[in-house]
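Engineer: structure for the following, please:
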Amino acid sequence: MGRMKESPRYNVIAVRITDEEMMLLKYLSKKRKTTYSQLIREALATADFPSSMITDDDKMLMICFG
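Structural biologist: Numbering: from 1, shown residues only. Reported below is the predicted structural model:
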């Protein structure tokens, strides 16, 4: 049996991207020696979403569900 992960990830998403986006993802992955998943996680964590995209209801949900 495998060891317990500190932050298990159960959610999987599928995204369609262009050939150019895939080339960029491959390039960055090799350059930074990391996975596609980790690159996308970091991009999401550092994304500066316009405040117009996030409603007060969204903020409450983020607080409730962390």
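
Engineer: all helices for this structure, in order.
Structural biologist: Under the criterion DSSP state H, the chain contains helices at 19-32, 36-46, 56-65.

Engineer: ok, which of those comes nearest Asn11?
Structural biologist: Asn11 sits nearest to helix 36-46 of all these, at 11.1 Å, using CB to CB. Just so you know, the C-beta spots here come from the backbone N, C-alpha and C atoms, and that holds for glycine as well.

Engineer: centre of the chain to that closest one, how far?
Structural biologist: 4 Å (CA atoms, centre = their mean, to the nearest Å).

Engineer: then it to CSV, C-alphas only?
Structural biologist: What follows is helix 36-46 as a C-alpha-only set of coordinates in CSV (Å, rounded to 0.1, in the frame of the first residue of the first chain):
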residue,chain,number,x,y,z
TYR,A,36,2.1,20.1,-16.6
SER,A,37,-0.1,19.8,-13.6
GLN,A,38,2.3,21.7,-11.4
LEU,A,39,2.7,24.5,-13.9
ILE,A,40,-1.0,24.9,-14.1
ARG,A,41,-1.4,24.8,-10.3
GLU,A,42,1.2,27.6,-10.0
ALA,A,43,-0.4,29.6,-12.8
LEU,A,44,-3.8,29.4,-11.0
ALA,A,45,-2.2,30.3,-7.6
THR,A,46,-0.6,33.4,-9.0
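
Engineer: can you tell me what sits against that helix?
Structural biologist: Leu25, Leu28, Ser29, Arg32 (CB atoms under 8 Å, 6 or more residues apart in numbering).

Engineer: just give me the residue right at the centre of the protein.
Structural biologist: Central residue of the chain (CA atoms, centre = their mean): Arg41, 3.0 Å from the mean position.

Engineer: and that residue, how far from Ser29?
Structural biologist: 13 Å (CB to CB, to the nearest Å).

Engineer: overlap in contacts, the two.
Structural biologist: Joint contacts of Arg41 and Ser29 (CB under 8 Å, 6+ apart) do not exist.
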